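Student: I'll drop the sequence and a predicted model, then ask my questions.
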Amino acid sequence: MGSVFANVKPEILLWARESAGFSLSETAIAMGKSEDALSSWEEGVAAPTIPQLRKLSQLYKRPLGVFYLQEVPKGFQVISDFRRLPSGQPRHFSPALTQEIRVAHQRRELALELLSDLDEEQKPFGLSFELTIDPEIAGQMVREFLGFSMTDMDAYPGDASGRKGFNAWRQRIENVGVLVFQAARIPSDEASGFALAYDVLPAVVINRKDVPVRRLFSLAHEFVHLALRKSGVSDLDIEAKRPAEDSNIEVFCNRVAAAALMPAQIFIAEPTIAAHGTAMSWTDEEIATLANRYNVSREATLLRLLTLDRTTRNFYQAKRNEYAEEFRRNKMLERDSSPSKPIPRNMPQEALSNFGRPFVEMVLGSYYQDRLTLSEVSGYLGLRTQHVEKLQSKLGAF
């Protein structure tokens, strides 16, 4: 019996590959086919067999039925890429990053449906400013909007891990109607996070592979994207060569995030800074003390010192290079000393960390009102059914 070929439109095959973030060469390698063979499918000269279409479906993580659509689906909100390679060229959206963006859109759509089913009205996101505003003023607006007072800075000093600061800011941001997800599939050197700047129920996704102190700055940075109504993927590299418009946005977001996390009036009054004097160079101990105080990275601390004219660009750049080399060495040590046995995973805690309390509460709330089945809850939260009860106990009684 001869091969049965799939009756699919070539433009659907092209859309499915590109929207999944795969290059032609990547797909060819995964499929064990030549690029010419793949091109012939996407140009309508030839067609994949049914088994080959199933393999494409698995590779692109699309339902098989999607390939039989008669026209290319309308996409989600356009998202800009603010990342750049050292050469200044745009970076490629990997399949993992592409999937995280798609999943974040889908989770937001699900959240809107669940809120509607629960008869809960979601108000428009209430913070907005333009690039023309002074970043220091914008940083203060962010703090006031989230309800942070200056005394709140004392809630998490001394936590070198940065978890207290990240969790405190995440809770405040979720409280103002923003979904905060964490992504675990994106390499830490590909993207720090991205923002989906919808007017209603916007979302921020942070790379969980980054250390918490870096995640906190990423969270604040992406939150500023929401206030600007600028969806996009970021990597926080202030030295990257970008088009002028993109550079203005990213520099602005970094400066506002720094002003919000390290308010100038209390940052300058820190005992470490007061005792330092007028010297423009700083010891590693001084930098670490300030970083721990605000639960941010040493690089973010240096950037703040630079912005406030407390250090020079040469000193900042030298230290930045030093920290980058230290990070590279630590990554190599981590890889070489990885445990032979996998570390046991706490799936309910992972679900809560990755999806955020508001989203989990929406899903479980719908389940307890018999609007969702246990199987649906399991699918939405990526949990086995036996873990759902444990997740509930982490949230408290409903």
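Tutor: That came in fine, so what should we check first?
Student: which is the next helix or strand following the helix or strand bottoming out on mean pLDDT in the chain?
Tutor: Ranked by mean pLDDT, DSSP states H and E, the helix or strand of the chain with the weakest confidence is strand 80-81, at a mean of 65. Using DSSP states H and E, the helix or strand that follows strand 80-81 in sequence is helix 95-117.
Student: and the following helix or strand past that next one, what does it pack onto?
Tutor: Counting by DSSP H and E, the next helix or strand C-terminal to helix 95-117 is helix 135-146. Counting contacts by 3 or more C-beta pairs under 8 Å, 6 or more residues apart in numbering; DSSP states H and E, helix 135-146 packs against helix 163-175, helix 212-228, helix 244-261. (Each C-beta comes from the backbone N, C-alpha and C, glycine too.)
Student: Return the most buried member of the ones you listed.
Tutor: Per residue and on average, the most neighbours among these fall to helix 212-228, with a mean of 26 (mean count of other C-beta atoms under 10 Å).
Student: With adjacent residues omitted, what lies nearest to residue 358?
Tutor: Of all residues not flanking residue 358 in the chain, residue 174 sits nearest, at 5.1 Å (C-beta to C-beta, 6 or more residues apart in numbering).
Student: Look up phi and psi at residue 179.
Tutor: phi -80, psi 130 (degrees, to the nearest 10).
Student: Run a quick check on it versus residue 204, I expect a contact.
Tutor: Yes - in this structure residue 179 lies within contact range of residue 204 using C-beta atoms under 8 Å: 7.3 Å.
Student: Assumed residue 62 was part of a strand.
Tutor: No - counting by DSSP: H, G, I helix; E, B strand; the rest coil, residue 62 is not part of a strand but coil.
Student: Quick one: residues contacting it.
Tutor: Neighbouring residues of residue 62 by C-beta atoms under 8 Å, 6 or more residues apart in numbering: 16, 20.
Student: The closest residue to residue 266 other than its chain neighbours - how many residues pack around it?
Tutor: Excluding its sequence neighbours, the residue lying closest to residue 266 (C-beta to C-beta, 6+ apart) is residue 150, at 5.7 Å. When neighbours are counted by other C-beta atoms under 10 Å, residue 150 registers 10.
Student: Residue 150 and residue 366, how far apart?
Tutor: 39 Å (C-beta to C-beta, to the nearest Å).
Student: Can you report phi and psi for residue 234?
Tutor: Taking degrees, to the nearest 10 as the convention, residue 234 sits at phi -130, psi 160.
Student: what do you get for residue 196?
Tutor: phi -110, psi 100.
Student: ok, now which ones touch the residue lying closest to it once chain neighbours are set aside?
Tutor: Nearest residue to residue 196, sequence neighbours excluded (C-beta to C-beta, 6+ apart): residue 203, at 4.3 Å. By C-beta under 8 Å, 6+ apart, the contact list for residue 203 reads 104, 107-108, 178-181, 195-196.
Student: try 7 Å
Tutor: 104, 108, 178-179, 181, 196 (C-beta atoms under 7 Å, 6 or more residues apart in numbering).
Student: in the protein, which segments are predicted with low confidence?
Tutor: Low-confidence segments of the chain, defined by pLDDT under 70, span residues 1-2, 63, 65-66, 73-92, 151-159, 236-244, 334-343, 396-398.
Student: what's the domain layout of it?
Tutor: Per automatic domain parsing, the domain ranges recorded for the chain read 10-75, 77-261, 347-395.
Student: Quick check: chain neighbours aside, which residue is closest to residue 145?
Tutor: Using C-beta to C-beta, 6+ apart, the nearest residue to residue 145 is residue 127, at 4.7 Å.
Student: Got the phi and psi for the one you found?
Tutor: phi -110, psi 130.
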